[in-house]
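*Asks:* Mind looking at a prediction? Sequence and model below.
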Amino acid sequence: MLKKLGTMLAMAAVLSVGGDALAEGRKPFTGGRHPARAVAGVININTATAKQLDMLPGVGRHTAALIVAYREKQSFKAPEEIAQVKGLGQGIYRRIKAYLTVSGQTTLAYAAEQKPTDPSKLGAKEVPAKLVN
């Protein structure tokens with residue numbers, strides 16, 4: 001019973017710290033993981049570096065190194081073969097399959113982040129109705 005109460009108090013403390021961070025405009029602690037960034041382009045899994053593979057959603061440094069080690073033994077003949085890499089299952093494959101290729105150049109790059117539009121720079125016709133009161 002006391003263990004449950006302690007766990008609940010710890011969770012409440014973590015949630016309150018996260019809420020304070022949001023109220024102050026800071027990002028809450030996410031356990032050391034960086035949020036996934038949007039990417040665009042394609043990655044040749046037969047020639048990409050571990051650093052390039054690390055850009056894929058759901059693929060970290062460790063998994064990228066596993067992909068490179070697997071590739072050194074045998075090259076990929078089709079993108080879906082990447083799911084055979086130990087530690088990279090069907091779930092991650094579904095998230096990254098649109099970015100994979102086995103030939104050509106790697107063009108994968110982080111997508112530009114969209115910044116909110118400044119209403120003062122919009123013309124009178126372009127100001128959203130909810131901003132005009």
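*Replies:* Sure thing, it's come through. Residues are numbered from 1 along each chain as shown.
*Asks:* Listing request: residues of this structure with sub-threshold pLDDT.
*Replies:* In the predicted model of the chain, residues 1-36, 113-133 satisfy pLDDT under 70.
*Asks:* Which stretches in it count as strands?
*Replies:* 39-40, 43-44, 100-101, 109-110 (DSSP state E).
*Asks:* what does the third one rub up against?
*Replies:* Outside of strand 100-101, the residues that reach it under the criterion C-beta atoms under 8 Å, 6 or more residues apart in numbering are 42, 43, 44, 45, 79, 82. (Each C-beta comes from the backbone N, C-alpha and C, glycine too.)
*Asks:* Could you measure from the first one over to residue 87?
*Replies:* Remark: distance between residue 42 and residue 87 (C-beta to C-beta, to the nearest Å) = 22 Å.
*Asks:* the more surrounded of the two?
*Replies:* residue 42 (18 against 13; other C-beta atoms under 10 Å).
*Asks:* Tell me the buried residues in stretch 55-63?
*Replies:* 55, 56, 59, 63 (16 or more other C-beta atoms under 10 Å).
*Asks:* just to revisit the earlier point, return the most buried member of the strands of the chain.
*Replies:* Burial of the strands of the chain is given as mean neighbour count (mean count of other C-beta atoms under 10 Å); strand 43-44 ranks first at a mean of 22.
*Asks:* Who are the packing partners of that strand?
*Replies:* Packing partners of strand 43-44 (3 or more C-beta pairs under 8 Å, 6 or more residues apart in numbering; DSSP states H and E): strand 100-101.
*Asks:* Can you list the strands that the strand it packs on pairs with?
*Replies:* Strand 100-101 has the following strand partners under DSSP bridges: strand 43-44 (parallel).
*Asks:* Residues touching the strand it pairs with, excluding its own?
*Replies:* Applying C-beta under 8 Å, 6+ apart, the contact partners of strand 43-44 are 52-53, 55-56, 99-108.
*Asks:* Kind regards, and thank you for your time.
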